[in-house]
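Q: With the sequence up front, the predicted model follows.
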Amino acid sequence: MIISNWIRQGHRWVSIVFTLTVIANFVVRAKGEPPLWVTYSPLPPLFLLLFSGLYMFALPYAARWRNASAHGAEKA
């Protein structure tokens, strides 16, 4: 389960990076029209958050599915 801990910790750090890029985006927009790379800079961390969040969301369901199939195999 060490990979799960790495993904959880990475999700926390990426969320900090995402928050900082969104704040920077608003600060730069207050000064005028920003370049496109500033506008799209929150997207890479957002996609990482999407995939790691979906993984963590699915973990309890996968554990239940594994336990149910393990108990079903014992009964047979």
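A: Arrived safely. The model shown is predicted, which means the values in this text are computed figures rather than measured ones.
Q: what stretches of the chain score poorly on pLDDT?
A: 1, 72-76 (pLDDT under 70).
Q: Can you identify each of the strands in it by residue range?
A: For the chain, strands defined by DSSP state E do not occur.
Q: ok, now how distant is the closest residue to residue 38 other than its chain neighbours from residue 41?
A: When the adjacent residues along the chain are set aside, residue 38 lies closest to residue 28, with 5.2 Å between them (C-beta to C-beta, 6 or more residues apart in numbering). All C-beta spots, glycine's among them, are computed from the backbone N, C-alpha and C. Distance check for residue 28 against residue 41: by C-beta to C-beta, to the nearest Å, it reads 9 Å.
Q: So these two - more neighbours on which side?
A: Ranked by neighbour count (other C-beta atoms under 10 Å), residue 28 and residue 41 place residue 41 first, with 20 against 15.
Q: Now do the same contact list for that one.
A: 21, 24-25 (C-beta atoms under 8 Å, 6 or more residues apart in numbering).
Q: Buried ones among those?
A: For these, a neighbour count by 16 or more other C-beta atoms under 10 Å gives the buried set as 21, 25.
Q: So which of the contacts of residue 41 are in helices?
A: Using DSSP state H, 21, 24-25 are the members of the contacts of residue 41 that sit in helices.
Q: got the contact list for the most centrally placed residue in the chain?
A: Closest to where the C-alpha atoms of the chain average out (C-alpha atoms, centre = their mean) is residue 49, at 2.2 Å. Residue 49 is in contact with 11, 14-15, 18, counting by C-beta under 8 Å, 6+ apart.
Q: Out of those, which is nearest to residue 57?
A: residue 11 (10.9 Å; C-beta to C-beta).
Q: Residue 30 and residue 37: what is the separation?
A: 17 Å.
Q: ditto for residue 24
A: 11 Å.
Q: same question, residue 20
A: 15 Å.
Q: So for the two, which sits in the more crowded spot?
A: Shown here are residue 20 and residue 37; by other C-beta under 10 Å, residue 20 has more neighbours (13 against 7).
Q: Cool, thanks, talk later.
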